[in-house]
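Peer 1: the sequence and its predicted three-dimensional model are supplied below.
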Amino acid sequence: MSDNPAIPQSAVGASYAGPLSFLRCPYTRELRGVDLAVLGIPYDLATTNRPGARFGPRALREQSAFVGEYPWGVWPWEFDLRSRFNVVDYGDIDFNVGYPERMVEAVEQAAGSILDAGVSLLGLGGDHFVAYPLLRAHAARHGPLSLVHLDAHSDSWTSEDYNHGTMFYHAAEQGLIDPAHSIQIGIRTPNPETHGLTIVDARSLLDQGPRAAAERARAVVGDRPVYLTLDIDFLDPAYAPGTGTPVVGGPTTHQARELLFALRGMNVVGGDQVEVAPAYDALGQITALAGATLAADILYLIGLARAARGSGR
């Protein structure tokens, strides 16, 4: 944990100006003394519908200037994450977009080096396939993970192909996640095979409420290490139109945040927020704003879990 104060508001400036980094945190790859890092993965070649999520990390950073403009923290969290932890924006992964097979190796290596430095990590996508190399890096250091997956789609279709609809099938088959202690919330597309994962579909989520879904997640996961992944199409398209595969019938932004708040105390060792495609966004960039806010919430959960563990990662 860091004793560094939050960046003074006078140094940050107006929310529409200044450095383009997540929550206006220092933009650096120097990891000495760092607690939490944000890593952008501008990749969208694994999409099965509309591309464009490669521009997600930049859009999330831009809107995070509004999310994190107050030195007292992100409402309604009781503290400023930046004053309790040393948080940095590590920048984006650099790989040749013409060779998508290199993305997995590049992300796994970069994420692994961050984790090996004792730093906890939040990934910004990119399409949802970027969660696969992030899972590989985390599982290599924590063992099989409990997956808490917020999405309209299961992303666990049985296929030898690797794309943003199959990676959790491969993760289960390869032992990266423990299906018996993993949960998918908000699903509202056909899901013929669960592969042993617990499913809370969108109707159950909306009928019973986000706190009930969070309690179900706690019962499934227990105190195991958790990787928390949030596809922005978890939200109803009324709240997040700027994504590649929108599906109606999902929760509001408020309900999504209430669900994340109710997960406080869970042992979240890492996570991501993915699938923001700003080219399809409505006027005002409401999808990117929602994504940046939910990403900040996940970062808070990672930080709180890190503090509770009292360890270096």
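Peer 2: Good, I have the coordinates. Numbers count the residues shown, from 1 in each chain.
Peer 1: can you map out the helices along the stretch 1-150 of the chain?
Peer 2: 9-12, 56-67, 81-84, 101-116, 131-142 (DSSP state H, counting those that start in this stretch).
Peer 1: show me what the last one is packed against.
Peer 2: Judged by 3 or more Cβ pairs under 8 Å, 6 or more residues apart in numbering; DSSP states H and E, the packing partners of helix 131-142 are helix 101-116, strand 120-125, helix 167-173, strand 226-231, strand 268-274. Any C-beta I mention is one placed from the backbone N, CA and C, and that applies to glycine too.
Peer 1: want to throw those into CSV with mean neighbour count?
Peer 2: Compiled in CSV, these are given as follows (neighbours: other Cβ atoms under 10 Å):
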stretch, mean neighbour count
helix 101-116, 18
strand 120-125, 28
helix 167-173, 22
strand 226-231, 27
strand 268-274, 28
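Peer 1: Throw the ones you listed into a markdown table and include mean pLDDT, thanks.
Peer 2: A markdown table is the format used below for these (pLDDT from 0 to 100):
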| stretch | mean pLDDT |
| --- | --- |
| helix 101-116 | 95 |
| strand 120-125 | 98 |
| helix 167-173 | 96 |
| strand 226-231 | 98 |
| strand 268-274 | 98 |
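Peer 1: could you dump these to JSON lines with distance to R211?
Peer 2: Shown next, in JSON lines, are the helices and strands packed on helix 131-142 (distance: least, Cβ to Cβ, whole Å):
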{"stretch": "helix 101-116", "distance to R211": "31"}
{"stretch": "strand 120-125", "distance to R211": "24"}
{"stretch": "helix 167-173", "distance to R211": "25"}
{"stretch": "strand 226-231", "distance to R211": "17"}
{"stretch": "strand 268-274", "distance to R211": "17"}
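Peer 1: among these, which is nearest G250?
Peer 2: strand 226-231 (10.4 Å; Cβ to Cβ).
Peer 1: which of the residues in stretch 27-46 are buried?
Peer 2: By 16 or more other Cβ atoms under 10 Å, the buried positions in stretch 27-46 come out as 31, 34-46.
Peer 1: and Q273, what does it touch?
Peer 2: 60, 122-125, 230, 232, 291, 294-295, 298 (Cβ atoms under 8 Å, 6 or more residues apart in numbering).
Peer 1: pull the CA atoms of the longest helix anywhere in the chain into PDB?
Peer 2: In the chain, assigned by DSSP state H, the helix with the most residues is helix 286-309. Output of helix 286-309 as PDB, limited to C-alpha atoms (Å, rounded to 0.1, in the frame of the first residue of the first chain):
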ATOM      1  CA  ILE A 286     -22.500   7.000 -22.700                       C
ATOM      2  CA  THR A 287     -21.100   3.500 -23.200                       C
ATOM      3  CA  ALA A 288     -17.500   4.600 -22.700                       C
ATOM      4  CA  LEU A 289     -18.600   6.600 -19.600                       C
ATOM      5  CA  ALA A 290     -20.400   3.500 -18.200                       C
ATOM      6  CA  GLY A 291     -17.400   1.300 -19.000                       C
ATOM      7  CA  ALA A 292     -15.000   3.700 -17.300                       C
ATOM      8  CA  THR A 293     -17.200   3.900 -14.200                       C
ATOM      9  CA  LEU A 294     -17.600   0.100 -14.000                       C
ATOM     10  CA  ALA A 295     -13.800  -0.400 -14.600                       C
ATOM     11  CA  ALA A 296     -13.100   2.000 -11.700                       C
ATOM     12  CA  ASP A 297     -15.500   0.000  -9.500                       C
ATOM     13  CA  ILE A 298     -13.600  -3.200 -10.400                       C
ATOM     14  CA  LEU A 299     -10.300  -1.500  -9.600                       C
ATOM     15  CA  TYR A 300     -11.700  -0.600  -6.200                       C
ATOM     16  CA  LEU A 301     -12.600  -4.300  -5.600                       C
ATOM     17  CA  ILE A 302      -9.100  -5.400  -6.700                       C
ATOM     18  CA  GLY A 303      -7.600  -2.900  -4.300                       C
ATOM     19  CA  LEU A 304      -9.800  -3.800  -1.400                       C
ATOM     20  CA  ALA A 305      -9.000  -7.500  -1.900                       C
ATOM     21  CA  ARG A 306      -5.300  -6.800  -2.100                       C
ATOM     22  CA  ALA A 307      -5.500  -4.800   1.200                       C
ATOM     23  CA  ALA A 308      -7.400  -7.600   2.900                       C
ATOM     24  CA  ARG A 309      -4.800 -10.200   1.800                       C
END
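Peer 1: Y239 contacts V248, correct?
Peer 2: No: checked against Cβ atoms under 8 Å, the pair Y239 and V248 is beyond contact range at 11.1 Å.
Peer 1: point out where this protein drops to low pLDDT.
Peer 2: Residue ranges of the chain with pLDDT under 70: 1-13, 311-313.
Peer 1: still on that earlier bit, between Y239 and V248, which has more neighbouring residues?
Peer 2: Ranked by neighbour count (other Cβ atoms under 10 Å), Y239 and V248 place Y239 first, with 20 against 10.
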